[in-house]
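> build me a model:
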Amino acid sequence: MPQRPRLTPAIADVRRAVRDWLATYVPLPDGSQDPTARPAPRLLVALSGGPDSTALAAALAFEAPRHGAGVEAGAIVVDHALQAGSERVAEEAAEQARGLGLSPVLVKRVEVGATGGPEAAARAARYEAFGQALRESGASAILLAHTLDDQAETVLLGLARGSGPTSLRGMEPASHGFGRPLLGVRRETTHAFCADSGLAAWTDPQNSDPAYTRVRVRDVVLPMLERELGPGVAEALVRTADQLREDSDALDHFAEEQAEELADHAEAGISLDVRGLAANPAALRQRLIRLAVESEFAVSLSRAQTLEVARLVTDWHGQGAVHLPGVTVVRRGGILHFEAVATP
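Residues are numbered from 1 along each chain as shown. Have a look, this model is predicted:
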């Protein structure tokens, strides 16, 4: 029987984060149901072999069987095949997952393309493998080991790129089949967890390659901000993301309520009442426009495109139609018509 590690502050913090996430997002069984007739919920950890995901895997292996729903915990290891020896690294991570008691343990070797640059291409290949793993294993979610530091880097990158509230709200603790139990845990804590637990973790050389923007934010920009502005910058960025997420969720909710009153479906698309749009503040008006286009045509508008449509309401002087990807927006009287562009 493996020797149980001493409960250090780092081990306690990571386990507590996983336990709290399970308590929030994995419902307990209904007491009226026969527990033997209910399949146990299954989760997979996305395991790279690095310290963050290794700590998450070990904490989940400990906490899952203690959850009242009897959670089954497995792992998915993605081999991006971008470095020499990647197959060995993936197999060692898988072996460590089996040693922790995780089951099933899936290993997926992917082919990374070039679309969108190396980071985006690797991410696309990885998430495609995650989707396959969910289907094959019957798991309800994949847990990702993003930490508080990752969240701060994401928010800072969003600020620098002017990405708007969707990016500034940061990563969600749970969304679309993915969970992130460690968003409140510092990276140094996951590293200490592995050291205290006697778990060997792989160091990905790409995590220190300054060719990657996120690496420069991690190794140069955030330390510089903390040096010049004082400690606590990462935590402040995460608090900002939390507040923006709450505000953004509220505005999205109000927009959906307003859309029920202002929108009418037509054969060629959807229409919005101009007077109703004009009566709303800019934040809601622009959300209504984006919501109409996204829900009807599955097209996400940039801020510039949204503002161009909004000018048909707020700066109306008889201008012509606004042409968006696959969609034409034209004002006739007091109505904005969003119409699909006919394909030749």
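
> what's in contact with the helix or strand where residue 190 lies?
For residue 190, the host element (DSSP states H and E) is helix 187-197. Contacts with helix 187-197, where a contact means Cβ atoms under 8 Å, 6 or more residues apart in numbering, come from 5-6, 8-11, 13-14, 51-52, 54-56, 58-59, 145, 147-150, 182, 199-201. To be clear about C-beta, it is placed using only N, CA and C from the backbone, and glycine gets the same treatment.

> can you check the pLDDT for the nearest residue to residue 125 once chain neighbours are set aside?
Once flanking residues are discounted, residue 125 sits nearest to residue 110: 4.1 Å by Cβ to Cβ, 6 or more residues apart in numbering. Listed pLDDT for residue 110 reads 93.

> in contact with residue 110, which residues are there?
So residue 110 contacts 78-81, 125-126, 128-129 (Cβ under 8 Å, 6+ apart).

> which members of the residues you listed occur in strands, if any?
Of those, the ones assigned to strands by DSSP state E are 78-79.

> reformat the contacts of residue 110 as a markdown table; add pLDDT and distance to residue 302.
Listed next are the contacts of residue 110 as a markdown table, based on pLDDT from 0 to 100; distance: Cβ to Cβ, whole Å:
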| residue | pLDDT | distance to residue 302 |
| --- | --- | --- |
| 78 | 96 | 31 |
| 79 | 94 | 35 |
| 80 | 92 | 30 |
| 81 | 88 | 34 |
| 125 | 94 | 26 |
| 126 | 95 | 26 |
| 128 | 95 | 25 |
| 129 | 96 | 29 |
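
> nearest to residue 268 among the contacts of residue 110?
For these, the closest approach to residue 268 (Cβ to Cβ) belongs to residue 128, at 33.9 Å.

> distance of the nearest residue to the closest one once chain neighbours are set aside from residue 44?
Closest residue to residue 128 apart from its sequence neighbours, by Cβ to Cβ, 6+ apart: residue 110 at 7.0 Å. For residue 110, the distance to residue 44 equals 16 Å [Cβ to Cβ, to the nearest Å].

> could you measure from residue 337 over to residue 315?
Per Cβ to Cβ, residue 337 is found 18 Å from residue 315.

> let me redo that: residue 82
For residue 82, the distance to residue 315 - Cβ to Cβ - is 49 Å.

> kindly report the same for residue 70.
Residue 70 is 59 Å from residue 315, by Cβ to Cβ.

> ok, these two, which is more surrounded?
Neighbours were counted for residue 70 and for residue 315 using other Cβ atoms under 10 Å; residue 70 has more, 16 against 9.

> that one against residue 40, yeah?
Yes. Counting by Cβ atoms under 8 Å, residue 40 is a contact partner of residue 70 at 4.6 Å.

> elements contacting the least confident helix or strand in the chain by mean pLDDT?
None of the helices or strands of the chain scores lower by mean pLDDT, DSSP states H and E than helix 165-168, at a mean of 75. Other elements packing on helix 165-168 under the criterion 3 or more Cβ pairs under 8 Å, 6 or more residues apart in numbering; DSSP states H and E are helix 148-161, helix 233-262.

> most tightly surrounded among the ones you listed?
helix 148-161 (a mean of 20; mean count of other Cβ atoms under 10 Å).

> returning to that earlier point: report the angle between the helix holding residue 190 and helix 148-161.
For helix 187-197 against helix 148-161, the angle by axes from the mean of the first three to the mean of the last three Cα atoms, to 10 degrees is 160 degrees.

> what sits up against the helix or strand following helix 187-197?
Where DSSP H and E defines the elements, the next helix or strand beyond helix 187-197 is helix 213-216. For helix 213-216, contacts defined as Cβ under 8 Å, 6+ apart pick out 119, 153, 157, 206-210.

> may I have the following helix or strand past helix 213-216 as PDB, with CA atoms only?
Next helix or strand after helix 213-216 toward the C-terminus (DSSP H and E): helix 222-229. Provided in PDB are the C-alpha atoms of helix 222-229 (Å, rounded to 0.1, in the frame of the first residue of the first chain):
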ATOM      1  CA  LEU A 222       3.500  40.200 -14.300                       C
ATOM      2  CA  PRO A 223       6.700  40.200 -12.200                       C
ATOM      3  CA  MET A 224       7.400  43.700 -13.500                       C
ATOM      4  CA  LEU A 225       3.900  44.900 -12.500                       C
ATOM      5  CA  GLU A 226       4.300  43.300  -9.000                       C
ATOM      6  CA  ARG A 227       7.800  44.900  -8.700                       C
ATOM      7  CA  GLU A 228       6.600  48.400  -9.700                       C
ATOM      8  CA  LEU A 229       3.000  48.400  -8.300                       C
END
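
> buried ones in helix 222-229?
Under the neighbour-count criterion of 16 or more other Cβ atoms under 10 Å, helix 222-229 has 222, 225 buried.

> could you do stretch 336-344 as well?
Of the residues in stretch 336-344, 336-339 count as buried by neighbour count, 16+ other Cβ under 10 Å.
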